[in-house]
Each structure stands twice: as structure tokens, then as C-alpha cells.
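> Okay, structure incoming, though there's no sequence with it:
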């Protein structure tokens, strides 16, 4: 019994530290945050930090990984059942590009983490789209950097704008990327004109 | 005479602080650098810092601005005399994308500053290219975010690769962006196949 309670308490402390790190990431640069600030935000004792994480860096890395997993789940849900690989890319971009309106904390964290943020659109999906001849590009890594980098640029811009500009910018980015991958303008606009899953 | 010597010394201290900040930016996150580290790296007294800069942030902002000005001068030199606005964009991208090989300190600083780094390719050049009908896009800010964001993504990737991958990635990004802006693949490859200014 006592052991079970201790385990639960340990898990709660760890979860509180992760929540605090994630919350701090929406507004602060991790390099400028002290461990004391984290433990105060988590409402746990300063000394308990190192029982759970070997360093501040590992805590923030794990917090970013939980954000990326949540992001990935949103994209997976939004693209489930789509058969056009161009539309899978477009929907991933349109959903993520809407985060400044729909999931502002995620948008702020992605903006802060920058190019080190793990993409929620899988590189396997990009390769598949090329292998079946729907998208065309020369180099996996350059193509992937274009998708993720331009998304970062548009998220950063959209965090400063209000709706309906956010949705419009997301859709224009999706059209732009489909053209980058060889679709003609009319086809790109048709793919991006399809309705998004209703719950986004 | 004494006044002149004082002025010179003041200018030297300021320059040393700027150099130190720029050098620290190639390897460190500014939020994690103390003012004492900066004054030690600059080899000036700790107390002199606030005679020159109101805050660490202002020093680092100015250091980034000097990097961006140097970058801008490189692009201006490389694109001087070009008459095809598509080539101006391509050369700006090809020159910047080569920084991990040609100007690795600039590449590291751009990678660190991320989306907040001021673009060396002027938005006016993008607008001009559209106004004369050479590039096509819907929205200035989205188009600009695509150029700068995808460049960031490719720079980040290329910092981990060796030549000749760096040059190839830069050129592939330029082709990709020209397609994004409506050029057909053959035209995009022709523009990017033109020789770069010899001194890059």
C-alpha cells in the first residue's frame, strides 16, 4: 500500500514538472529558466527535481516530445482515410498552420523550438507520395526541410495576425508547397479546396 | 587629445563587446550567457557593460543586425547586374544555402536566431518579381515566410553535412522555390544552372 502511494506521488511530481516545463515553453526560452523556477511552477520541492530528471535539458526535451506526439496524433486523425498523398500533405500543413487559432500553445512552442522541432508530417508520407508519382522532388532532406521550414515561417507570422488571416495563410502555404512538389496551380488549389475534417 | 583617446577607447570597448556577442552566438544560446561571460570574452571590465548597452538583449540584437548587414552585402554583391528577377531570388538562396561551407559562422548564427533572423533577400525584390510577372504567389507574407523558413530548414540540415552536399542542397532548394513561385521545372533548373558570381 505504502509503496503504491509512493509510486503514485512520484508519478504526480514527474507529471507536474513536465506540465510546468510545457507551460514555461509557451512564453520563455528554456536557457533562461532556472530549475528553481520550474519546481516553483510545478509546486514541488526544489530538491526533488534531480530525482526525476538528470538535467533541465532532458526535462524540456521530453516536454517537446510530448507536444510533438500530441501534434502527430492530431495530424493522424485529420488525415486518416485520405487516399490522395498530395491531400495528406496539404491537410497536415493546413491543420498545423491553423494552430495559432486552434491550438495557440502548440503554435507558441513550435515557434520557440524552431528547426529542432520534430515534424508531425512523417518523412515516410513524403517518400510514399513521391514513390507513387503524386509529388516530385530531388532530395528527401531538402524537400522535408522546405515543408517544415516554411511551416515555421508561416506559424511565426500567423502568431501575430488574427483570424481569418491564419486560415488563409495556412491554405496558401499548402497551395505553395504542392506547387513546389510539381503540381500545377489548378490542381494544387483543387486539393486545398477540399473540406478539412470537421473537428479541426 | 585626452577626449579623443577616451572616445577611441570607448569605441574599442563597444566593438569588443559586439565581437564577443557575435562569437558567442555561433555556439551558445543568448538566454544562457551571463553578462560576466560576455565581458570576460571581450576582455573588458564587468562594470563597463552598462556604459555601452542597456541590456544583454540589446547587445545580442545589435550583433545579429551586424551579421544580417554583412549577409545582405554579400547577396547584393552576388546579385548586382542580374536582370532576371527569378535569378535574383535563386542566387540569394544559392549563396545563403552555401554558408555552411563558405561562411560557417554566419550559418551557425542564422540557425540559432531562427525565424527571427532578418532576411537578406529583400521583400521588395519578391514584390518586384511578381509585379513584372516573373514569379507568382498570392500573399507577400506567406511567400516571404516560405523563402526564409525553407532556407532555415536547409541551413540547419546542411550544417550537419559535408560538401558537396551543401551546394547541391542549396541549388535544389532554389529549384524548389522557383517551382513554388510558378516556374515550370525546366525553367527553374535552367535559372539555377547559371553560374554563380565567381567569388562565392
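Ah, there it is. Computed from a predicted structure; not experimentally measured.
> Pull the contacting residues for residue A:71.
A:96, A:106, A:110, A:120 (CB atoms under 8 Å, 6 or more residues apart in numbering or on different chains). Glycine gets a C-beta too; all of them are placed from N, C-alpha and C.
> go again using 10 Å as the cut-off
When contacts are counted by CB atoms under 10 Å, 6 or more residues apart in numbering or on different chains, residue A:71 is found next to A:92, A:95-96, A:99, A:103, A:106, A:109-110, A:117-121.
> Ok, residue A:122 next?
Per CB under 10 Å, 6+ apart, neighbours of residue A:122: A:72, A:75, A:76, A:88, A:92, A:128, A:144.
> For the contacts of residue A:71, pick the one with the most neighbours.
Neighbour tally across the contacts of residue A:71 (other CB atoms under 10 Å in any protein chain shown): the maximum, 30 neighbours, falls on residue A:96.
> Just give the number of residues close to the closest residue to residue A:182 other than its chain neighbours.
Leaving aside its sequence neighbours, residue A:182 sits nearest to residue A:136 (CB to CB, 6 or more residues apart in numbering or on different chains; 3.9 Å). Neighbour count of residue A:136, defined by other CB under 10 Å: 14.
> domains for chain A, by residue range?
Domain assignment for chain A by automatic domain parsing gives A:2-53, A:67-193.
> what helix or strand is the residue nearest to residue A:197 when sequence neighbours are not counted on?
Among residues not flanking residue A:197 along the chain, residue A:78 sits closest, at 4.8 Å (CB to CB, 6+ apart). If you go by DSSP states H and E, residue A:78 is part of helix A:56-79.
> Can you mark which positions in that helix are buried?
For helix A:56-79, burial by neighbour count (16 or more other CB atoms under 10 Å in any protein chain shown) applies to A:56, A:59-60, A:62-64, A:67-68, A:71-72, A:74-75, A:78-79.
> elements contacting the one helix or strand in chain A whose mean pLDDT sits lowest?
Ranked by mean pLDDT, DSSP states H and E, the helix or strand of chain A with the weakest confidence is helix A:2-25, at a mean of 92. When contacts are defined as 3 or more CB pairs under 10 Å, 6 or more residues apart in numbering or on different chains; DSSP states H and E, helix A:2-25 sits against helix A:35-42, helix A:49-52, helix A:56-79, helix A:104-113.
> now with 6 Å?
Applying 3 or more CB pairs under 6 Å, 6 or more residues apart in numbering or on different chains; DSSP states H and E, one finds that helix A:2-25 makes contact with helix A:35-42, helix A:56-79.
> Let me see the confidence value for the closest residue to residue A:104 other than its chain neighbours.
Among residues not flanking residue A:104 along the chain, residue A:159 sits closest, at 7.7 Å (CB to CB, 6+ apart). pLDDT for residue A:159: 96.
> Can you get me a residue count around residue A:159?
Neighbour tally, residue A:159, other CB under 10 Å: 17.
> Which residues of chain A lie near chain B?
A:29, A:31-32, A:114-115, A:138-139, A:141-142, A:145-146, A:148-150, A:152-154, A:156-157, A:169, A:172-173, A:176, A:179-180 (CB under 6 Å from any CB of the partner chain).
> Of those residues, which belong to helices?
Using DSSP state H, the subset of those located in helices is A:141-142, A:145-146, A:148-150, A:152-154, A:156-157, A:169, A:172-173, A:176, A:179-180.
> Going by neighbour count, list what's buried in stretch A:153-173.
A:153-159, A:165-173.
> I misspoke; the intended subject was stretch A:8-27.
A:13, A:14, A:16, A:17, A:18, A:20, A:21, A:22, A:23, A:24, A:25.
> one step back: and after the helix holding residue A:78, which helix or strand comes next?
Next along the chain after helix A:56-79, with elements defined by DSSP H and E, is helix A:85-97.
> What is whatever helix or strand comes next after that next one packed up against?
Tracing the chain past helix A:85-97, the next element assigned as helix or strand by DSSP H and E is helix A:99-102. In terms of contacts (3+ CB pairs under 6 Å, 6+ apart), helix A:99-102 is packed against helix A:104-113.
> Flag every buried residue along the helix it packs on.
A:106, A:107, A:108, A:109, A:110, A:111, A:112, A:113.
> Tell me the first helix or strand C-terminal of it.
Per DSSP H and E, the first helix or strand lying C-terminal to helix A:104-113 is helix A:123-131.
> got a list of contacts for that following helix?
A:85, A:88, A:135, A:144 (CB atoms under 6 Å, 6 or more residues apart in numbering or on different chains).
> and the nearest residue to residue A:119 once chain neighbours are set aside, how many neighbours does it have?
Distances taken as CB to CB, 6+ apart place residue A:148 nearest to residue A:119, at 4.8 Å, with adjacent residues excluded. When neighbours are defined as other CB under 10 Å, residue A:148 has 27 of them.
> my guess is residue A:148 meets residue A:120, correct?
No: using CB atoms under 6 Å, residue A:148 makes no contact with residue A:120, being 9.3 Å away.
> So residue A:191, which state does it fall into?
Recorded secondary structure, residue A:191: helix (DSSP: H, G, I helix; E, B strand; the rest coil).
> check contacts around it.
Counted by CB under 6 Å, 6+ apart, residue A:191 has contacts A:86, A:87, A:90.
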